[in-house]
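Undergrad: The sequence isn't on hand, but the structure is:
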Ligand code: NAD
């Protein structure tokens, strides 16, 4: 059974319940995760609150020394971390390495906090009066992570919060907590003072306790839309700041002038990478015109049939398993619903997978997708390529904007004018032009809009300073007798 990390110590959970952690490529149970309690969250919060007293007084340049150390430790343990991601999540080793790299970039960017969190000063706002604004850390922040990026997602938040002088309690996904256990071993090695970074394992009880605890100042959440909404409503009604990143339904539009080979390959990779378990994964490919649709279909079908699905640690594997049997069954059900509603099945990824160990589903291609179908509305979160046709860019944009989700969308084109129109008119706030997974880098902000994001300030980027600090303004007048210091 894995342990919590509270106040600089590894402690056994007092939880009575626990869940199995699987290797999704084999289906084997590799560990157990305790389903923590409100009491444990309270203990971690108390430790973080106490640590905040000295951490907030530690100069930013000294705080970042620990992050620089952690960055080196993450580099030294890069391969082990990526292997853990593949082992507990299933994505291929190459994909896992990419996600760990993104996590390290967050730590590197947070090392620039002395510049990022500088305040403002203005002389003579009135005669002889000056004003300054400083950004001050607020206290304890909570971080809640989803299963699909075991290493990366917690790094979207805590390095910035901690660099700014806050302290944190992190709750990893109970389905993939092992990578975070390793990250915390490195946090311990980096020597962060006790109580600054804490981890409590569990599920909804820990989440609900975090959203209501009076000493938690804010919550950074990533997960599905219903839970994101719940976290937003609960935590804001308890006076907290919240940034809650939710689910998605991502559309990719292919114009007749696109570089067709690249567009089809990129759309295929976007939808099937990480077995489709990405919030930025494409889902519906909308081709403009019959000829475009035919070209995309031929290329995507060929790629889907060539896929080598297997254990993510195998170098020949192009796609790993899904996270669980339940996730696989849910996606199979969605595929069937599309067939029942009139979609045409071109490649059936359900064939030949039930005899494999683990939770595999092969790439599936469905054609004739219409906006009213269940599969066109819900997040699939699996390797299912949905092919649709539309007669104009305008009608494709209308379809995109009719979705309650608005995480990301992509246009494939060689026309600057079409690209500009698309970027300007679509609702999703992470936009790709000939890019299949437009994931903002650490120094840009990450997050969708509408039902894909609840809050005001998105993850990382310059604006995260606004989330993890409060602004204090001082207005000063000092009279005019400064000559008392004159030596005549
Ligand atoms: P999830 O909502 O099931 O779980 C997320 C977190 O919430 C976990 O830590 C879990 O323990 C907790 N949780 C689950 N049910 C809860 C409940 N009823 N009450 C309180 N807490 C609860 O999400 P998941 O399945 O782990 O992750 C996949 C989802 O996350 C997908 O919808 C995906 O699109 C989304 N996601 C979004 C982004 C983004 O940037 N918008 C990034 C990654 C994943």
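TA: Arrived safely, thanks for sending. Only a predicted model underlies this, so the values are computations on that prediction, with no experimental measurement involved. Numbering: from 1, shown residues only.
Undergrad: Residue of the chain closest to the ligand, please.
TA: The minimum distance from the chain to the ligand, using Cβ to the nearest ligand atom, falls at residue 223 (2.6 Å). Glycine gets a C-beta too; all of them are placed from N, C-alpha and C.
Undergrad: What count of nearby residues applies to that residue?
TA: 22 (other Cβ atoms under 10 Å).
Undergrad: list the contacts for it?
TA: Residues near residue 223 by Cβ atoms under 8 Å, 6 or more residues apart in numbering: 144-146, 231, 244-247.
Undergrad: Among these, which are located in helices?
TA: Among these, the ones falling in helices (DSSP state H) are residue 231.
Undergrad: Tell me which helix or strand comes right after the helix or strand hosting residue 410.
TA: Taking DSSP states H and E as the criterion, the element that holds residue 410 is strand 408-412. Sequence order places helix 416-425 as the next helix or strand after strand 408-412, per DSSP H and E.
Undergrad: Can you tell me the strand partners of the helix or strand following that next one and which way each runs?
TA: Sequence-wise, the next helix or strand downstream of helix 416-425 (DSSP H and E) is strand 430-433. The pairing partners recorded for strand 430-433 under DSSP bridges are strand 408-412 (parallel).
Undergrad: is the strand it pairs with anywhere near the ligand?
TA: No. Strand 408-412 does not reach the ligand (Cβ under 6 Å from any ligand atom); its nearest approach is 8.9 Å.
Undergrad: Are stretch 427-436 and the ligand in contact anywhere?
TA: No. Stretch 427-436 lies apart from the ligand when judged by Cβ under 6 Å from any ligand atom; the minimum separation is 8.5 Å.
Undergrad: before we move on, what about stretch 359-367?
TA: No. Using Cβ under 6 Å from any ligand atom, stretch 359-367 stays clear of the ligand, with a minimum separation of 13.9 Å.
Undergrad: Just the buried positions in that stretch, please.
TA: Residues 359-367 are the ones in stretch 359-367 that count as buried (16 or more other Cβ atoms under 10 Å).
Undergrad: Look at residue 135 and give its secondary structure.
TA: Using DSSP: H, G, I helix; E, B strand; the rest coil, the secondary structure recorded for residue 135 is strand.
Undergrad: let me fix that: residue 466
TA: helix.
Undergrad: Also residue 175?
TA: From three-state DSSP, the assignment for residue 175 is coil.
Undergrad: so residue 177 makes contact with residue 33?
TA: Yes. Using Cβ atoms under 8 Å, residue 177 is in contact with residue 33, at 5.1 Å.
Undergrad: okay, and the common contacts of these two?
TA: By Cβ under 8 Å, 6+ apart, the residues touching both residue 177 and residue 33 are 2, 21, 201.
Undergrad: Isn't residue 196 up against residue 167?
TA: Yes. Here residue 196 reaches residue 167: they are 5.0 Å apart, a contact under Cβ under 8 Å.
Undergrad: who has more neighbours, these two?
TA: More neighbours surround residue 167 than the other of residue 196 and residue 167, with 30 against 24 (other Cβ under 10 Å).
Undergrad: What distance do you get for that one to residue 472?
TA: 19 Å (Cβ to Cβ, to the nearest Å).
Undergrad: and what of residue 410?
TA: From residue 410 across to residue 472, the span is 42 Å (Cβ to Cβ).
Undergrad: And residue 404, by the same measure?
TA: 38 Å.
Undergrad: Show me which residues of the stretch 351-488 of the chain are close to the ligand?
TA: Near the ligand, when you scan the stretch 351-488 of the chain using Cβ under 6 Å from any ligand atom, you find 379, 381, 407, 448, 452.
Undergrad: Quick check: buried residues in the strand or helix carrying residue 53?
TA: Here residue 53 sits within helix 38-55, counting by DSSP H and E. Using 16+ other Cβ under 10 Å as the test for burial, helix 38-55 gives 38, 40-49, 51-52, 55.
Undergrad: Next, report how far it is displaced from the centre of its chain.
TA: Here helix 38-55 is found 25 Å from its chain centre; the criterion is Cα atoms, centre = their mean, to the nearest Å.
Undergrad: what packs against that helix?
TA: strand 4-6, strand 140-144, strand 167-171, strand 197-199, helix 204-212 (3 or more Cβ pairs under 8 Å, 6 or more residues apart in numbering; DSSP states H and E).
Undergrad: I'd like to know which elements the longest one is packed against.
TA: I take that to be helix 204-212. By 3+ Cβ pairs under 8 Å, 6+ apart, helix 204-212 packs against helix 38-55, strand 140-144, strand 167-171, strand 216-222, helix 225-237.
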